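Q: Structure, please.
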Amino acid sequence: MTTIGIIFTVLTFIMIIGGLLSLIKSARKFNLTKQQLKDIKQRNAELDQEDKQQH
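A: Okay, here's the model as predicted:
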């Protein structure tokens, strides 16, 4: 394998690993307040009820 091929392969692996690490870093849970969580659950219940009425 030529030197350019080796450099290209190493850079490709570095980019893949960097992308995976940034994806893992950004995939954290949200810290929601109790009120926000209550609002989300209420909205989901409303949407479920609308879905049942349409079907």
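
Q: hmm, who's touching stretch 33-45?
A: residue 32 (C-beta atoms under 8 Å, 6 or more residues apart in numbering). Heads up, the C-betas are built off the backbone N, CA and C, glycines and all.

Q: how distant is it from the center of its chain?
A: Centre-to-centre, stretch 33-45 and its host chain are 21 Å apart (C-alpha atoms, centre = their mean, to the nearest Å).

Q: just stretch 28-48 next, same as before
A: Distance, centroid of stretch 28-48 to centroid of chain: 18 Å (C-alpha atoms, centre = their mean).

Q: can you check stretch 45-55 too?
A: Centroid separation between stretch 45-55 and its chain, computed with C-alpha atoms, centre = their mean, is 27 Å.

Q: Report the backbone C-alpha coordinates of it in CSV.
A: Coordinates of each C-alpha in stretch 45-55 appear next as CSV, following Å, rounded to 0.1, in the frame of the first residue of the first chain:
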residue,chain,number,x,y,z
ALA,A,45,-52.2,12.1,26.1
GLU,A,46,-54.1,14.7,24.1
LEU,A,47,-52.5,13.5,20.9
ASP,A,48,-53.3,9.9,21.7
GLN,A,49,-56.9,10.8,22.3
GLU,A,50,-57.1,12.7,18.9
ASP,A,51,-55.6,9.7,17.2
LYS,A,52,-58.2,7.3,18.7
GLN,A,53,-61.0,9.7,17.5
GLN,A,54,-59.7,9.8,14.0
HIS,A,55,-59.3,6.0,13.7
